[in-house]
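Novice: Turn this into a model:
(2 chains)
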Amino acid sequence: MGKGRYLLKRFVYIVFVFFIISILMFAIYKSMPGDPVDIMLGNSKTTMKPDAYQALYDKTVASLGLDKPLPIQYLAWMGNMLTGNFGYSTQYKQEVINIIGAPMANTVLLNVLTMIVVFIIAIPLGIVTAVRKNGVFDKTVQVLTIVGYSLPQFIVALLAIFLLAVKFPIFPISGVKTAGLDATGLSAFLDTAWHMVLPVLVMAVSGIGGITRYVRAAMIDVLRMDYIKTARAKGLREKTVIYVHAFRNALIPIVTITTSWIISLFGGSIVIETVFLWPGLGKMLIDGLLQRDFAVVLSMQMFYVVLSLAGNVLMDIAYTMVDPRVRLEN
Amino acid sequence: MRNQKKKATRRSTASMAAQRMMVGSLPQEEDEVLQSPMQMALHSFVRDKIAMAGVILFTVIFLCCVILPYFFPIDLYYQDVTQANVAPGFGMLSVPSGLQGNAQDMSVGSSFSVGLDKDGNVYEWGTFPNEKLKNIPSASETGKLVQISAGLDHVVAVNEDGQVFTWGNDRMGLSSIPMELRTGGNNIKQILAGYQISLALTEEGKMYNWGSEYLLRITYPEGVQGNIDKFAASTNIVMALTKDGEVVPLTTKTSAYTNIPEEIQGSVIDLAITDESAAAVTSDGRVYTWGNNVKGSLDVPEEIQGQVASLSAGRYHYTAILKDGTAVSWGDNTHGQASAPSSATSVASVDAGYYANYAIQEDGNVVAWGLKGYLMGTDAFGRDLFRRILVGGRMTMTVGAISVIISTIIGIIVGGVSGYKGGKVDNLLMRLTEIVSSIPFLPFCIILSSILGNSISETQRIILIMCILGLLSWPGIARLVRGSVLAEREQEFVTAAKSLGVKETGIIFRHILPNIITVIIVNATLNFATCMLTESSLSFIGFGVNEPNATWGNMLTGAQNGQVIENYWWRWVFPALMLGICTISINCIGDGLRDAIDPKSKER
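Specialist: Residues are numbered from 1 along each chain as shown, chains lettered A, B, ... in the order given. Next up is the predicted model:
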């Protein structure tokens, strides 16, 4: 019961945040250089007579609703955005909604895979270092993780390319599939996986660095608690103490930090996508900005906003799962 | 209960120490033997080896970036294709010992030099822009060579029979030596390897040219061919000196070079051209210059007028031999090429080229001065990476520091007010914090810097980047300050201040803030590293600080493809190394500070 109310409260709040940010987005949309009507009419300015063009121009302005006051324009724009009408891409000569499918799949694939790799490595590593804190292994991991999260992703990327693609050409430098390869099914999947190794590896390095340190800190805090002593005094096996009693309690701060990490991961993948020429949303955003294709830019931006808010919703759901106090409070 | 009390006493001593620090040197009280928490923190910080290593590394890099640019000044707009992608090293002027005392002819190439001893042996040293330069033809093939000249990436030599040889780069027809010159039997007076072009002149006054015609188109005015005494060339023009002592530009285009002073025509004995100007020596030993006065190449030292015997020129400097045999240089002195050493006396001939000079003395010894090489190599535009790393570091650190200052100030104000006031104000400010923190950071930075940044100047753009970074990264620090203020505001000293009638802003900023300043400093340190990372990521993908301004991020922009990564390693290794060391050491410092200040986290 309390869980539902809590989630509902958070959801209402997130919708509110979404509208605040969307107003910001609308401001960006309005401050974009270039007259949207001119862009939409394209080259008819040069081919039509001036007065005929002016009439067409006025008609387009009216049909786009650009003559109405700003709040109404905002509502219309918001309506368009929510119904998937993202506008017309001048770069691809298509509706934006038709071209963002594949990049979105690529980006999500890349990031989800990175998350899985990071969790599989970072969480056990964090627990082990917390349990054996100040040992040789712990100290080594501590130093390595500082290096991991301090190094910029693009430097890790350059190093990885140098070692694994240039010096020892094991993996391809860039792209999502081998050029000219006409494979389907399993071989196509393997080819994509082969191309994904380097980007995922690079993105995972900084993630592992950060998350390991947080898991370790949270675990150490929890392991000092009295209920851990109680659990040990009861004669529970050390494994049970650590993985059931301690880790479940350490999960609360981990969930907080993980959510903000996931949001920054999607943002940070822009850099990685540029370096590895990965045809995802980040590369599309950059290409759109360079080609001044603002319909694409704005849709990408919208995606990042929705994603970041979805991350917040996920965090709330995760809280209700790991922290019983959230359920009991209301 | 007991625990709380203990905590309270610890806090108040901390506050005393902090206040003591703020106010200055209060007289030492009787508890001299006791260490204040501040001293304890300092001691444990100094004992932290990793953190101290971080402090030392960062201080060294920081001081280098702040001080060294004054000793190694940089012209941000300077570019030179002839110096592109030169590998690190200082071997450009290391004349082989075989040449000392036995030098016949020497020539400066773009980043390498060639020399010829009196027995006709060829020597090459420096950094080779092209691997083919190492394929020196064997002595059995060439016979005894007597003259040699080095260009951008090829070499031309002539033997005693007047046969011309070339090696090195062979594109654009550089290898197609005219038939007459290949067979020999000519009296070759002068040869020159230039920028993708080769030139040769016979005793009869006939000039030959081969190589690329796109960069330098040579046309011979009527009556000049067959009457040439000497010639000089730069990347822009070739000029000839006729046997009548007249200077003739071998081009149809008018430029600053063709603006030859009328009064010298007929009495010129030597000619030299830099990239921006030309100079001629007349028979009375005076030097006349014309063209654009770039880097002081037209400023001939007054005291040598009337005594000059011959002249040679590099890219932006001149070297003259006086009648008494001393060599004098003037013009651009960035690499010391215009500072002729005092040992350059009784000089028989000088070859100046690009950024260096070789003077061959009468006894066959060689004196060299000018560009020795680049500590960290050069980039694709021929810019010295070392100098760019210095100013780039300054830029990266400045942007990082100012963004951190902006975000810390906003964070302190928002967090302080929110924590102290509580209630509705707190609720409102915390919602604002949450909204800002749910804005996707990097995409927003990119879009803002791209949309707002395209109509403003580069300096304004850099300020804009600082503001964007500062305005988007304060939520973390605000939450932290709020939490600490919430804990502090229940303390006795706050109640005391309240009852004394201190204003609310006074209580927040004068009484509470000094107690939480340590937490803020730790957070600001860690934030500094993050801001540097964000700035360099933005600059790396081209939405931060742009060329020609250098930052460690945009220096790596050109290094994204496999070819650069493999062949020009210095272009990415050095900036990446500096940036990596900097961020790692800042994070180590931050971690060490936190451990030192917060005894609880020390147990971790």
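Novice: What residues of the helix or strand containing B:Leu593 count as buried?
Specialist: Here B:Leu593, judged by DSSP states H and E, is contained in helix B:570-597. By neighbour count on 16 or more other CB atoms under 10 Å in any protein chain shown, the buried set for helix B:570-597 is B:570-576, B:578-597. Where you see a C-beta, it was placed from the backbone N, CA and C, and this is true even at glycine.
Novice: near chain B, which residues of the stretch 101-250 of chain A?
Specialist: Within the stretch 101-250 of chain A, the positions near chain B by CB under 8 Å from any CB of the partner chain are A:133, A:143, A:146-147, A:149-155, A:158-159, A:161-162, A:165-167, A:173, A:216-217, A:220-221, A:224.
Novice: Buried ones only from the residues you listed, please, as a PyMOL command.
Specialist: Selection of the buried residues among those in PyMOL, burial being defined by 16+ other CB under 10 Å:
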select buried, chain A and resi 133+146+147+149+150+151+152+153+154+155+158+159+161+162+165+166+173+216+217+220+221
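Novice: what does the stretch 451-600 of chain B put close to chain A?
Specialist: So the stretch 451-600 of chain B meets chain A at B:451-452, B:454-455, B:529, B:533, B:536-537, B:540-543, B:553, B:556, B:559-562, B:565-566, B:569, B:572, B:576, B:579-580, B:583-584, B:586-588, B:591 (CB under 8 Å from any CB).
Novice: hmm, back to that, what average pLDDT does the helix holding B:Leu593 get?
Specialist: For helix B:570-597, mean pLDDT rounds to 90.
Novice: Run the chain-centre distance for it.
Specialist: 21 Å (CA atoms, centre = their mean, to the nearest Å).
Novice: Just list the residues touching B:Gly364, thanks.
Specialist: B:Gln100, B:Gly101, B:Asn102, B:Ala103, B:Lys118 (CB atoms under 8 Å, 6 or more residues apart in numbering or on different chains).
Novice: low-scoring stretches of the stretch 1-150 of chain A, by residue?
Specialist: Scanning the stretch 1-150 of chain A for pLDDT under 70 picks out the ranges A:1-2, A:33-37, A:39-46, A:64-65.
Novice: Smallest distance to chain B belongs to which residue of it?
Specialist: Of all residues in the stretch 1-150 of chain A, A:Ser150 sits closest to chain B, with a separation of 4.2 Å (CB to the nearest CB).
Novice: Could I get the full set of helices for the stretch 201-330 of chain A?
Specialist: Applying DSSP state H, counting those that start in this stretch to the stretch 201-330 of chain A gives helices spanning A:226-233, A:238-240, A:247-275, A:281-290, A:294-322, A:324-329.
Novice: Next, format the ones you listed as TSV and append mean pLDDT and distance to B:Ile439.
Specialist: Formatted as TSV, the helices of the stretch 201-330 of chain A follow (pLDDT from 0 to 100; distance: least, CB to CB, whole Å):
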stretch	mean pLDDT	distance to B:Ile439
helix A:226-233	90	39
helix A:238-240	87	42
helix A:247-275	84	10
helix A:281-290	85	15
helix A:294-322	81	7
helix A:324-329	64	25
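Novice: for these, which one sits closest to B:Glu434?
Specialist: helix A:294-322 (8.4 Å; CB to CB).
Novice: Also compute the angle for the helix or strand hosting B:Ala53 relative to helix B:570-597, please.
Specialist: Assessed by DSSP H and E, B:Ala53 sits inside helix B:49-71. Helix B:49-71 runs at 130 degrees relative to helix B:570-597, counting by axes from the mean of the first three to the mean of the last three CA atoms, to 10 degrees.
Novice: Next secondary structure element downstream of helix B:49-71?
Specialist: strand B:103-108.
Novice: Name the strands paired with that next one and say parallel or antiparallel.
Specialist: Sheet pairing for strand B:103-108, assigned by DSSP bridges, gives strand B:112-117 (antiparallel).
Novice: What about the closest residue to chain A within the stretch 251-400 of chain B, how many residues nearby?
Specialist: The stretch 251-400 of chain B approaches chain A most closely through B:Thr396 (10.9 Å), counting by CB to the nearest CB. Residues within reach of B:Thr396, counting by other CB atoms under 10 Å in any protein chain shown, total 31.
Novice: need the contact list for it.
Specialist: By CB under 8 Å, 6+ apart, B:Thr396 lies in contact with B:Met532, B:Glu535, B:Ser536, B:Thr551, B:Trp552, B:Gly553, B:Leu579, B:Cys582.
Novice: Now with 6 Å, please.
Specialist: The contact partners of B:Thr396, by CB atoms under 6 Å, 6 or more residues apart in numbering or on different chains, come to B:Met532, B:Thr551, B:Trp552.
Novice: just to confirm, which helix or strand has it in it?
Specialist: Going by DSSP H and E, B:Thr396 is in helix B:385-421.
Novice: Show me what counts as buried in that helix.
Specialist: B:385-400, B:402-404, B:406-408, B:410-421.
Novice: Equivalent analysis for stretch A:137-146, please.
Specialist: For stretch A:137-146, by 16+ other CB under 10 Å, it's A:Asp138, A:Val141, A:Gln142, A:Thr145, A:Ile146.
Novice: ok, back up a step: what is the nearest of the contacts of B:Gly364 to chain A?
Specialist: Closest to chain A, out of all of these and judged by CB to the nearest CB, is B:Gln100, at 40.2 Å.
Novice: What does the pLDDT read for the closest one?
Specialist: 81.
Novice: OK, contacts around it?
Specialist: Contacts of B:Gln100 (CB under 6 Å, 6+ apart): B:Asn365.
Novice: Any figure for the gap between it and B:Gly373?
Specialist: Distance, B:Gln100 to B:Gly373, by CB to CB, to the nearest Å: 20 Å.
Novice: Show the pLDDT at the residue of the stretch 251-400 of chain B closest to chain A.
Specialist: 92.
Novice: returning to that earlier point: list the helices and strands the helix holding B:Ala53 packs on?
Specialist: For helix B:49-71, the elements it packs on are helix B:385-421, helix B:570-597, judged by 3 or more CB pairs under 6 Å, 6 or more residues apart in numbering or on different chains; DSSP states H and E.
Novice: how big is the angle separating the first one from helix B:570-597?
Specialist: Angle between the axes of helix B:385-421 and helix B:570-597 is 30 degrees (criterion: the same axes, to 10 degrees).
Novice: need the next SSE after helix B:385-421, C-terminal direction.
Specialist: helix B:423-437.
Novice: what's that next one in contact with?
Specialist: By CB under 6 Å, 6+ apart, helix B:423-437 touches A:Val17, A:Ile20, B:Val414, B:Ser418, B:Pro475, B:Ala478.
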